[in-house]
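> Predicted model, plus sequence, below.
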Amino acid sequence: MRFTAGVLTISDRASSGVYEDKSGKVLVELLEDFGLEVRKYEIVADDFESIKEKLLAYTDEEISLILTSGGTGFSQRDITPEASLAVIEKRADGIVEAIRNESAKITPMAYLSRAVAGIRGKSLIINFPGSPKACRENFEIIRPFLFHGLETIAGCDKH
């Protein structure tokens, strides 16, 4: 089965053209190298309703995997986890636990991530940080179990 993917970068500055979105482009590249068809790649501001609206649209299209980039820290405008939780039907806390634990071996700042992961319908949503380097590192952490998770959500797995 061929799975699809979407990338949603959340950044006030990238959405307004102040700087180029590098983390989202890294995620697109990683997903394509992993064998997924990237159907969506968009940039939105750190706005709760905009993030929620995009995530709902992506999941309504049954995009298999949706990775967000940015908005997972402690700043006032970081609201990606809250917008994601407004969409998610089933939490997948083990994914972000693995990411935080393995990332903390690289930097203790990983424990400051408020990222969430979960399922809505046939879509898996995972929040990634806004750093291209951290996106690469985090993707490597989920790579060993990602395909199995996607198969299970899609009903391909016999469990």
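That came through fine.
> where does the protein have low pLDDT?
Applying pLDDT under 70 to the chain picks out residues 157-159.
> what about 90?
Judged by pLDDT under 90, the chain has its weakly predicted residues at 1-2, 16-18, 156-159.
> Go through it and flag its longest helix.
Longest helix of the chain, by residue count under DSSP state H: helix 132-154.
> Any buried residues in that one, and which?
Neighbour-count burial for helix 132-154 flags 132, 134-135, 137-139, 141-142, 146-147, 149-151, 153 (criterion: 16 or more other CB atoms under 10 Å). Every C-beta, even on glycine, is put in place using the N, C-alpha and C of the backbone.
> same question, stretch 16-25
21-25.
> can you put those in a markdown table and add distance to A5 and secondary structure?
Formatted as a markdown table, those follow (distance: CB to CB, whole Å; DSSP: H, G, I helix; E, B strand; the rest coil):
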| residue | distance to A5 | secondary structure |
| --- | --- | --- |
| D21 | 16 | coil |
| K22 | 18 | helix |
| S23 | 15 | helix |
| G24 | 12 | helix |
| K25 | 13 | helix |
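> Give me the distance between the residue nearest the centre of the chain and K40.
When CA atoms, centre = their mean is applied to the chain, the residue found nearest the centroid is L67 (2.3 Å). Distance, L67 to K40, by CB to CB, to the nearest Å: 10 Å.
> which residues are common contacts for the two?
Here L67 and K40 share the contacting residues 5-8, scored by CB atoms under 8 Å, 6 or more residues apart in numbering.
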